[in-house]
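> Just to be clear, the model below is a prediction. Sequence and coordinates:
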Amino acid sequence: MTETADAVREVLIDTLELSRTPAELTRDTALFGALPELDSFGVVQLVVALEERFDIVIDDDEFGADLFETVGSLTDFVDSKLAA
C-alpha cells in the first residue's frame, strides 16, 4: 500500500480505537455500516483527524456514504485532496 494508505489506516485505528492491526485493513475493508465504531460521531472524529493529519479541508458537500465505503475509497479521496 502507499504512504497515504498507511497513514489513513493509522488514523482509522487511532481515531476509532479499532482493535485491528493496519495489515487487517485492506483497500477492500468495508467501513461505514460495517464498523460499529464508525457511527455519526465517529465520522466527525475521523474527518477532524484526517484534516489534521493531512492538512486538508473536507467540505460538508464532500461527505457521503461512498467516501466512507472502504479503506480504498477513503484513501483515494485523501490522495485526491493532497493532489489538488
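Done, it's in.

> C-alpha only now, for contacts and for neighbours.
Fine.

> so which strand or helix has the most centrally placed residue in the chain?
The chain has Leu74 as the residue nearest its centroid, 4.8 Å off, counting by CA atoms, centre = their mean. Using DSSP states H and E, the element containing Leu74 is helix 71-83.

> Just the helices from the chain, written as ranges.
Assigned by DSSP state H, the chain shows helices spanning 3-16, 40-54, 71-83.

> neighbours around Thr15, how many?
19 (other CA atoms under 10 Å).

> How about it: what's its closest non-neighbour residue?
Distances taken as CA to CA, 6 or more residues apart in numbering place Leu46 nearest to Thr15, at 6.1 Å, with adjacent residues excluded.

> what about that neighbour, distance to Asp61?
Per CA to CA, to the nearest Å, Leu46 is found 16 Å from Asp61.

> higher neighbour count, these two?
Legend: neighbour count by other CA under 10 Å for Leu46 and Asp61, higher for Leu46 (20 against 6).

> low-scoring pLDDT stretches of the chain, where are they?
Applying pLDDT under 70 to the chain flags residues 1.

> Export the helices of the chain to a markdown table and append columns for distance to Arg27.
Formatted as a markdown table, those follow (distance: least, CA to CA, whole Å):
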| stretch | distance to Arg27 |
| --- | --- |
| helix 3-16 | 8 |
| helix 40-54 | 17 |
| helix 71-83 | 4 |
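
> just to revisit the earlier point, let me see the contact set for the residue nearest to the centre of the chain.
Leu74 sits next to Val8, Leu67, Phe68 when contact means CA atoms under 8 Å, 6 or more residues apart in numbering.

> repeat for Glu10
Per CA under 8 Å, 6+ apart, neighbours of Glu10: Pro22.

> Check the burial of Phe54 by counting its neighbours.
Applying other CA under 10 Å, I find that Phe54 has 15 neighbouring residues.

> for it, what are its contacts?
Val78, Leu82.

> gap between it and Arg9?
13 Å.

> For Ile58, see how far away Ala23 is.
Counting by CA to CA, the gap from Ala23 to Ile58 is 26 Å.

> my guess is Ser73 contacts Asp79, does it?
No. With contact defined as CA atoms under 8 Å, Ser73 does not reach Asp79; the gap is 9.8 Å.
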